[in-house]
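K.L.:
Quick one, what's the 3D model for this:
(one chain, ligands or ions: 1)
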Amino acid sequence: MRHFTSVFDLPDMKDALRQAFEIKKDRFKYVELGRNKTLLMIFFNSSLRTRLSTQKAAMNLGMNVIVLDVNQGAWKLETERGVIMDGDKPEHLLEAVPVMGCYCDVIGVRSFARFESKQDDYTEKILNQFIKYSGRPVFSMEAATGHPLQSFADWITIEEHKTVERPKVVMSWAPHPKALPQAVPNSFAQWMVAAGYDVVITHPHGYELDPKFTKGATIEYDQMKAFEGADFVYGKNWSVCEDAHYGQVLNMDRTWTIGERQMAVTNNAFFMHCLPVRRNMIVTDDVIEGPRSLVIPEAANREISATVVLKQILESL
Ligand code: CP
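P.N.:
Predicted structure coming up:
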């Protein structure tokens with residue numbers, strides 16, 4: 001595998017899962033694979049889990065790691081071609097990216113949706129410039145429309161906890177005070193369908209995700225109905241995706257906050273969230289602290305998903 005931007009880049013999903021469990025048993029099994037290889041992690045946005053788990057994954061594989069926070073200590077980057085650069089951005093991405101490629105063997109990029117242009121976000125303009133101009137394998141550490149390392153970790157977590165072959169997995173929108181991208185819900189929906197689960201997505205009218213990502217899932221606007229019989233509940237906020245209100249927050253209805261009322265109609269469901277989470281907006285204290293909460297195991301599995309992805313990229317060098 002050269003680049004990793006979605007579930008469809010994995011050559012073999014089942015084998016990736018097998019490798020995840022293999023690595024979980026022995027994280028350092030492939031420690032020689034990355035010897036004298038360097039991972040460069042580029043962050044345009046903040047991170048706790050992705051930063052730590054990906055760095056740990058690279059260390060599991062014996063790699064050297066360089067981390068660059070573009071907005072803290074690097075030159076501010078212009079991303080538009082044709083711009084007269086007489087403003088506050090002294091360097092262009094088109095030089096910066098190939099320069100970055102000179103110092104490493106693999107590049108991880110975190111570049112969230114900017115909500116300035118849906119077209120730019122949904123064509124993954126920044127991530128694709130790294131793929132095109134760095135000369136290196138590139139993987140997404142959450143881009144504008146997807147967060148595949150998270151979804152892979154979520155999948156591992158569900159496989160570890162499911163008690164039926166095809167669990168009912170419900171992803172529910174929940175309120176949030178700020179506009180969040182659709183990257184996590186897009187990836188989660190796409191990955192869960194690809195995994196063969198019974199996937200239900202529930203959200204208020206107006207919060208429809210791009211059907212490219214939700215194909216194969218059932219959309220249910222009644223949250224309580226969606227939760228009936230759920231084996232796993234995945235809470236997440238996202239902003240409006242449709243063109244006219246792209247990136248806006250049009251609903252803050254806290255009856256959608258996931259609490260005991262909703263969980264009571266599930267099949268004793270596990271609760272999941274990618275974190276960070278705003279308590280008592282997305283989910284109540286009781287549910288996230290409860291015995292069926294998987295938020296910490298999910299975060300722990302980020303190390304495993306990143307190790308598998310980096311391993312497969314290293315094997316392609
Ligand atoms: N879930 C996740 O990607 O967390 P961070 O934003 O902290 O990396």
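K.L.:
State the distance from the residue in the stretch 101-250 of the chain that the ligand sits nearest to to Met13.
P.N.:
Relative to the ligand, the nearest point of the stretch 101-250 of the chain is Gln150 (5.2 Å; CB to the nearest ligand atom). For every residue, glycine as well, the C-beta is placed using N, CA and C. Distance, Gln150 to Met13, by CB to CB, to the nearest Å: 16 Å.
K.L.:
cool, and Arg114?
P.N.:
Arg114 sits 31 Å away from Met13, going by CB to CB.
K.L.:
Check what pLDDT Trp244 gets.
P.N.:
Careful, residue 244 is Ala; it's not Trp. On pLDDT, Ala244 comes in at 96.
K.L.:
Find out how far stretch 295-309 is from the centre of the chain, if you would.
P.N.:
Its chain's average C-alpha position is 11 Å from that of stretch 295-309, according to CA atoms, centre = their mean, to the nearest Å.
K.L.:
tell me the average confidence for stretch 227-236?
P.N.:
Rounded mean pLDDT across stretch 227-236 is 98.
K.L.:
list the buried ones in it?
P.N.:
Buried residues in stretch 227-236, counting neighbours by 16 or more other CB atoms under 10 Å, are found at Phe227, Ala230, Asp231, Phe232, Val233, Tyr234, Gly235, Lys236.
K.L.:
Give me the phi and psi for the residue of the stretch 151-300 of the chain found nearest the ligand.
P.N.:
In the stretch 151-300 of the chain, the residue that lies nearest the ligand is Cys274 (3.9 Å; CB to the nearest ligand atom). Phi and psi for Cys274, reported as degrees, to the nearest 10, are phi -70, psi -20.
K.L.:
ok so, going back, and Gln150 and Met13? which has more neighbours close in?
P.N.:
Shown here are Gln150 and Met13; by other CB atoms under 10 Å, Gln150 has more neighbours (27 against 16).
K.L.:
Does anything pack onto the one helix or strand that one maps to? Which helices or strands?
P.N.:
Using DSSP states H and E, Gln150 falls within helix 148-161. When contacts are defined as 3 or more CB pairs under 8 Å, 6 or more residues apart in numbering; DSSP states H and E, helix 148-161 packs onto helix 13-25, helix 49-60, strand 138-140, helix 183-194, strand 232-236, strand 270-272, helix 295-315.
K.L.:
can you state the direction angle for the second one and helix 148-161?
P.N.:
What that stands for is helix 49-60. Using axes from the mean of the first three to the mean of the last three CA atoms, to 10 degrees, the inter-axis angle of helix 49-60 relative to helix 148-161 is 80 degrees.
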